[in-house]
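Enquirer: Output the structure for:
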Amino acid sequence: MNAYDAARMADVLGQQGYAATDSVEDADVVILNTCHIREKAAEKVYSELGRLRVLKGERRAEGRDTRIVVAGCVAQAEGAEILARAPAVDVVVGPQSYHRLPELLEQSRGKRVVDTEFPVEDKFDRLPVRRNKGVSAFLTVQEGCDKFCAFCVVPYTRGAEVSRSVPAVLAEARALAEGGVREITLIGQNVNAYHGAGADGEPATLADLMRAVAGIPGIARIRYTTSHPNDMGEDLIRAHAEIPALMPYLHLPVQSGSDRVLDAMNRRHTGDAYRRLIDRIRASRPDIALSSDFIVGFPGETDADFADTMRLVADIGFESAFSFKYSPRPGTPAAERADAVPESVKSERLAALQALLDRQRHAYQNAAVGRTTEILVEKPGRHPGQVAGKTPHMLAVQVDAPAASIGTILPVRIVEAGANSLFGEILAEAAAA
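Expert: The predicted structure is shown next:
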């Protein structure tokens, strides 16, 4: 979602005559689009602001003005602290107000500006038509979360769950398709809780929305992320069997395999409930690839609790996963707990979990060798004459093919598994064509 928001901020400023630059030294406006999920990400913001303060001073000595903007969830959560700790910052804007960037920048010519309100108006109605470079694109359909997991700041920084209407999503999806996008990933903090109004005013499910997106000419692939297990309804499970454009890949965070820890996290599901859910999903789409999120060292987590997590990972088998040490976030219930797990224990558990997940990832990649699949070619490869794309199961593949193949779907045979990607060869009949 941060990637989506960053692209939309560029669209907003593009209407005012700004152009993106790859060099921060050349920028008249520098925007840090931030995430508040983990402490390390938030602290990185202040480190970067220190470097930008020096740059701003150098530019001022040259008679040039550089405006610094902090946007996103750190801005939402720590607006006052940012102004106190980073005097070089001109604008602080939360994730619900970035459509107002041009006027905030104008206001900042005479004073420092903060906008971290949750406005009544729909920011999406005030954003310009999408400009997207590439064949894959994110499309926000839902924001906010009502789950209030004990470790998570999202309900406080993104607000309550809000879904965009079906017509609004389809209009943006059509614009993307007309610009050459072949694959759309529907995104939200809790995307499978989507309940946007359809053309008839009645609420639609995520499955309903995906069926409509699949009907847009040019859209060959659909994905969605991130989901909560408790909102994985039967219609969405069936959609994996019934919608050909919906790719056989699902990111479904579980966070822990311990029922005791899951209860403390306020996740409202158990390890076995997650297992049964995966069984139903696999019954609908047997070849589906699974990804998940894990937190180790949540306050009070014991060796037995961690063993339950390792057992769940072993039972299910994931293509990929993201695993982290618990990071206390101010204002969340878990941050108030006094039974913190020692940092050394967190590190040991994370290393053990990542080792198991890496073994599963490598096994999944190695099992692909010798198989035939399709890749959507997205960009040039690492070496001249190569292009890179992804399989339906989100595996990255490098093949020898001309740059003109970008945007096409090619049948390939996987011939080798590298550390982080696969290598394939185009099937003879496709190469001849």
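Enquirer: element containing residue 377?
Expert: Take DSSP states H and E as the rule and residue 377 turns out to sit in strand 372-380.
Enquirer: let me redo that: residue 293
Expert: Using DSSP H and E, residue 293 maps to strand 289-296.
Enquirer: Would you point out the helix or strand in the chain whose mean pLDDT is lowest?
Expert: helix 428-432 (a mean of 61; mean pLDDT, DSSP states H and E).
Enquirer: Any idea how far the strand holding residue 293 is from the middle of the chain?
Expert: Centroid displacement of strand 289-296 relative to its chain, using CA atoms, centre = their mean, to the nearest Å, is 14 Å.
Enquirer: which helices and strands does it pack with?
Expert: Applying 3 or more CB pairs under 8 Å, 6 or more residues apart in numbering; DSSP states H and E, one finds that strand 289-296 makes contact with strand 249-251, helix 303-316, strand 320-325, helix 343-368. Using the backbone N, CA and C atoms, a C-beta is placed for each residue, glycine as well.
Enquirer: got the buried residues for the last one?
Expert: Taking 16 or more other CB atoms under 10 Å as the neighbour-count basis, helix 343-368 is seen to contain the buried residues 345-346, 349-350, 353-354, 356-357, 360-361, 364-365, 368.
Enquirer: Dump those residues to a markdown table, plus distance to residue 281.
Expert: Converted to a markdown table, these look like this (distance: CB to CB, whole Å):
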| residue | distance to residue 281 |
| --- | --- |
| 345 | 33 |
| 346 | 30 |
| 349 | 27 |
| 350 | 27 |
| 353 | 22 |
| 354 | 24 |
| 356 | 21 |
| 357 | 19 |
| 360 | 17 |
| 361 | 19 |
| 364 | 17 |
| 365 | 21 |
| 368 | 20 |
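Enquirer: Tell me the one among those nearest to residue 260.
Expert: For these, the minimum distance to residue 260 (CB to CB) is 15.4 Å, reached by residue 349.
Enquirer: How much space separates that closest one from residue 315?
Expert: 18 Å (CB to CB, to the nearest Å).
Enquirer: Quick check: which ranges of the stretch 301-433 of the chain have low pLDDT?
Expert: Applying pLDDT under 70 to the stretch 301-433 of the chain flags residues 429-433.
Enquirer: Which parts of the stretch 151-300 of the chain are strands?
Expert: Along the stretch 151-300 of the chain, the segments classed as strands by DSSP state E, counting those that start in this stretch run 162-163, 183-187, 221-225, 249-251, 289-296.
Enquirer: avg pLDDT for the helix or strand containing residue 81?
Expert: Element membership for residue 81 (DSSP H and E) is helix 73-85. Taken as a whole, helix 73-85 carries a mean pLDDT of 90.
Enquirer: What pairs with whatever helix or strand comes next after that helix, parallel or antiparallel?
Expert: Going down the chain from helix 73-85, the next helix or strand is strand 91-93, by DSSP H and E. Counting by DSSP bridges, the strands paired with strand 91-93 are strand 67-72 (parallel), strand 113-115 (parallel).
Enquirer: quick one: which of the helices and strands packed on strand 289-296 is nearest residue 240?
Expert: Across those, closest to residue 240 is strand 249-251 (CB to CB), at 7.5 Å.
Enquirer: of all the buried residues of helix 343-368, which two lie farthest apart?
Expert: For these, the farthest-apart pair by CB to CB is 345 and 368; their separation is 35.5 Å.
Enquirer: Break down the stretch 1-150 of the chain into its helices, ranges please.
Expert: Here the stretch 1-150 of the chain has its helices, by DSSP state H, counting those that start in this stretch, at 2-14, 39-61, 73-85, 101-107.
Enquirer: winner for burial among those helices?
Expert: helix 73-85 (a mean of 19; mean count of other CB atoms under 10 Å).
Enquirer: tilt between that one and helix 39-61?
Expert: Angle, helix 73-85 to helix 39-61, by axes from the mean of the first three to the mean of the last three CA atoms, to 10 degrees: 50 degrees.
Enquirer: other SSEs contacting helix 73-85?
Expert: Counting contacts by 3+ CB pairs under 8 Å, 6+ apart, helix 73-85 packs against strand 29-34, helix 39-61, strand 91-93, strand 113-115, helix 154-157.
Enquirer: Distance to residue 413 and mean pLDDT for those - can I get that in JSON lines?
Expert: Converted to JSON lines, the helices and strands packed on helix 73-85 look like this (distance: least, CB to CB, whole Å; pLDDT from 0 to 100):
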{"stretch": "strand 29-34", "distance to residue 413": "40", "mean pLDDT": "95"}
{"stretch": "helix 39-61", "distance to residue 413": "40", "mean pLDDT": "89"}
{"stretch": "strand 91-93", "distance to residue 413": "49", "mean pLDDT": "96"}
{"stretch": "strand 113-115", "distance to residue 413": "53", "mean pLDDT": "92"}
{"stretch": "helix 154-157", "distance to residue 413": "42", "mean pLDDT": "89"}
